[in-house]
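**Q** Any chance you can model this:
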Amino acid sequence: MPRILTRVSTVLATLVLVLTGLSAPASALDPFTGYLMAHFTGESARGEQIYLAHSKDGRTWTDLNAGGPVLLSTVGTQGVRDPAIVRSPNGDKYWIIATDLRIAGGTSWGDASTRGSKSLVVWESTNLVTWSAPRLINVAGGISGAGDAWAPEAIWNPATNDYVIYWATNSPLNGVTKHRIWYVRTSDFRTVTAPQLYIDRGSGQGIIDTQIVEVANSLGGYRYYRASADGQITIEGANSILGSWTRIGDLRHLGISNGATGGNVVEGPMWAQTNGQNEWHLWLDQYATGRGYMPVRSTNLGSTANFATRGDYSLGGTRKRHGSILNLTAAEESRVLAKWGPNAVLNRIQSYNNQTRYVRHSNFDVRIDANVSPAQDAQFRVVPGLANSSGYVSFESVNYPGHYLRHYAYDGVLAADDGTATFAADATFKQVAGLADGSWASFQSYNYPTRYLRHYNYLLRVDPISTATERADATFRVTS
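**A** Below is the predicted model of the structure:
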């Protein structure tokens, strides 16, 4: 991807000893035991969506959800890039914010930067594993001549008791059109203040990627450090997020730049602190050579002299483009791995009277088929009911996360959760003893309790059940 068309950098959570840019105060969180990376993979059909990877040491990464996306955008351009994970100060709420952009949909980079979306895509969660439907938040609409809103980041600002969202917008200012960094403030990632200019490098130098990390005890002389792709990979320090910043240096002595001095040309700086240590890695995307992220190590961000490259790392099986790394507590790590890790429970729903056939989605219709390919089309996560979690269940697709089996005009379909009460009710079922065989199961509609899930001509429906054939059609077994 061209250097000026990059995504944004990411945010991390803090540590017990050191806070990162998106994180909560160390005192509010348990010790960190692992790491979570959110990223996208590129301009493939589903590459511009939210992917996750996990690491125990911060350098060796394993793809989650078998390398598939974990969140899909159904709003705006229906694609996202540059995700950043944000944790609340108390560790009780999380957000993912991302660029609303899908180049794979046929949009040119020129159109995307001059006539693109001025909104960001936002997901919200209370546990890191169950996420809201995506929504749009307009951050750049108030910027005169704005062409886009790219590479968002966010950080809690104790000085104002809210979050600072910052991103890049291409717009004219003082006779020069280029990407500059702007910011808004928010307390809920729904309503925002008017956009303000944050970083302008002057002359014709644009800037898209920048990320801030917070360091406890002001190790190195500053409370906050900022890495920006602005021709170099520039490191700056400050003692307040919205105050003045001091240039510390760049990485040209390592043969690394953002194009101004050649060498290894990189973008998308992404901070991560090593759990329990005064050690940081600044991950840089080697986009010019297509080699993906590389880590640069530092034990004192107050000077670039100690920054050093390292080769003992592995990024897993998927290509990882601009993302965000969150330091995980043991409880967070356990939840994430239980849902998306290699040992996560994935279910199939077997037909009672056609036992070679399983419930699957095909072009978002739901039916029962044998020899399902790809196999993930017949895999679901059985989760607590969206409308009622007590004694009810919902079926979330594995390869279309955020999409659930629901009835629509009594027809069974796979659809994206739109966050409405109607959707939740249509996608919720009570698991009862099988109508044809009590050792199997049947699924009673939550909002039409006289109706049950059944197949008819192999298509799934919710119907009243009275005959022996209908009882057999409405009987299933949840298997692994």
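**Q** How about residues contacting stretch 416-427?
**A** The contact list for stretch 416-427, computed with CB atoms under 8 Å, 6 or more residues apart in numbering, reads 72, 74, 132-133, 135, 385-387, 394-395, 400, 402-408, 415, 446-447. Every C-beta, even on glycine, is put in place using the N, C-alpha and C of the backbone.
**Q** longest helix of the chain?
**A** Across the chain, the longest stretch assigned as helix under DSSP state H is helix 330-340.
**Q** send the alpha carbons of the helix or strand following that helix over as CSV?
**A** Sequence order places strand 348-351 as the next helix or strand after helix 330-340, per DSSP states H and E. The C-alpha trace of strand 348-351 is given here as CSV (Å, rounded to 0.1, in the frame of the first residue of the first chain):
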residue,chain,number,x,y,z
ARG,A,348,-22.9,-28.5,14.3
ILE,A,349,-26.7,-29.1,14.4
GLN,A,350,-27.6,-32.6,13.1
SER,A,351,-31.0,-33.5,11.6
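**Q** for strand 348-351, packing partners?
**A** Where contact means 3 or more CB pairs under 8 Å, 6 or more residues apart in numbering; DSSP states H and E, strand 348-351 is packed against strand 358-362, strand 476-479.
**Q** residues in contact with that strand?
**A** Surrounding strand 348-351, the residues in contact under the criterion CB under 8 Å, 6+ apart are 357-359, 368, 378-380, 395, 455, 476-480.
**Q** among the helices and strands packed on strand 348-351, which is the most enclosed?
**A** strand 358-362 (a mean of 23; mean count of other CB atoms under 10 Å).
**Q** Return the distance of the following helix or strand past it from the chain's centre.
**A** As assigned by DSSP H and E, the chain's next helix or strand after strand 358-362 is strand 365-369. Centroid separation for strand 365-369 versus its chain: 29 Å, with CA atoms, centre = their mean, to the nearest Å.
**Q** Same check on stretch 119-135?
**A** 8 Å.
**Q** Endpoint to endpoint, it covers what distance?
**A** Stretch 119-135 has an end-to-end distance of 10 Å (criterion: CA to CA, to the nearest Å).
**Q** Could you list the paired strands of the helix or strand containing Val86 along with their orientation?
**A** Here Val86 is covered by strand 80-87, with elements defined by DSSP H and E. Here strand 80-87 has these sheet partners by DSSP bridges: strand 94-100 (antiparallel).
**Q** if you average pLDDT over the strand it pairs with, what comes out?
**A** For strand 94-100, the mean pLDDT works out to 98.
**Q** Same check on stretch 116-129?
**A** Across stretch 116-129, pLDDT averages out at 97.
**Q** end to end, how far does it reach?
**A** Start-to-end span of stretch 116-129 (CA to CA) is 30 Å.
**Q** and the angle from the strand holding Val86 to helix 330-340?
**A** Angle, strand 80-87 to helix 330-340, by axes from the mean of the first three to the mean of the last three CA atoms, to 10 degrees: 140 degrees.
**Q** Enumerate the positions of strand 80-87 that are buried.
**A** Val80, Arg81, Asp82, Pro83, Ala84, Ile85, Val86, Arg87 (16 or more other CB atoms under 10 Å).
**Q** So the third one sits against Asp148, correct?
**A** Right, the one you point to is Asp82. No. Judged on CB atoms under 8 Å, Asp82 makes no contact with Asp148 at a distance of 11.7 Å.
**Q** what comes up buried for stretch 372-383?
**A** Going by neighbour count (16+ other CB under 10 Å), the buried part of stretch 372-383 is Val372, Gln376, Asp377, Ala378, Gln379, Phe380, Arg381, Val382, Val383.
**Q** Next secondary structure element downstream of the helix or strand encompassing Ala53?
**A** Assigned by DSSP H and E, Ala53 belongs to strand 51-55. Next helix or strand after strand 51-55 toward the C-terminus (DSSP H and E): strand 61-63.
**Q** which residues of this protein score low on pLDDT?
**A** Within the chain, the stretches with pLDDT under 70 are 1-28.
**Q** Show me the helices in it, by range?
**A** Using DSSP H, helices in the chain cover 109-114, 330-340, 421-426, 468-473.
**Q** Just send those back as CSV, with mean neighbour count and distance to Glu124 too.
**A** Shown next, in CSV, are the helices of the chain (neighbours: other CB atoms under 10 Å; distance: least, CB to CB, whole Å):
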stretch, mean neighbour count, distance to Glu124
helix 109-114, 16, 26
helix 330-340, 18, 16
helix 421-426, 18, 16
helix 468-473, 18, 39
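**Q** could these be laid out in CSV, adding distance to Asp100?
**A** CSV is the format used below for these (distance: least, CB to CB, whole Å):
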stretch, distance to Asp100
helix 109-114, 10
helix 330-340, 24
helix 421-426, 22
helix 468-473, 43
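**Q** Those: which one's closest to Thr246?
**A** When these are compared by CB to CB, helix 109-114 sits nearest Thr246, at 30.3 Å.
**Q** domains of this structure?
**A** Here the domain parsing of the chain from automatic domain parsing is 3-340, 348-479.
**Q** Name the nearest of the contacts of strand 348-351 relative to His179.
**A** Using CB to CB, Gln379 is the member of the contacts of strand 348-351 that sits closest to His179, with 41.1 Å.
**Q** Hmm, Tyr358 and the closest one touching each other?
**A** No. With contact defined as CB under 8 Å, Gln379 does not count as touching Tyr358 (9.1 Å).
**Q** Show the buried residues in the contacts of stretch 416-427.
**A** For those, a neighbour count by 16+ other CB under 10 Å gives the buried set as 72, 133, 135, 385-387, 394-395, 400, 402-407, 415, 446-447.
**Q** For the residue minimising distance to the centre of the chain, list each beta-bridge partner.
**A** Nearest residue to the geometric centre of the chain (CA atoms, centre = their mean): Ile50, 4.2 Å. When bridges are called by DSSP bridges, Ile50 pairs up with Leu71.
**Q** For the strand holding Ala53, buried residues please.
**A** Quick answer for strand 51-55 (16+ other CB under 10 Å): Tyr51, Leu52, Ala53, His54, Ser55.
**Q** so what strands line up beside that strand?
**A** Partners of strand 51-55 in the sheet, by DSSP bridges, are strand 32-40 (antiparallel), strand 61-63 (antiparallel).
**Q** hey, which of these is tucked in deepest?
**A** Greatest burial across those, using mean count of other CB under 10 Å, falls to strand 32-40, with a mean of 24.
**Q** and the closest residue in space to Glu470 that isn't next to it in sequence, how far is that from Ser334?
**A** Spatial nearest neighbour of Glu470, excluding adjacent residues (CB to CB, 6 or more residues apart in numbering): Arg454 at 6.2 Å. Using CB to CB, to the nearest Å, Arg454 is found at 37 Å from Ser334.
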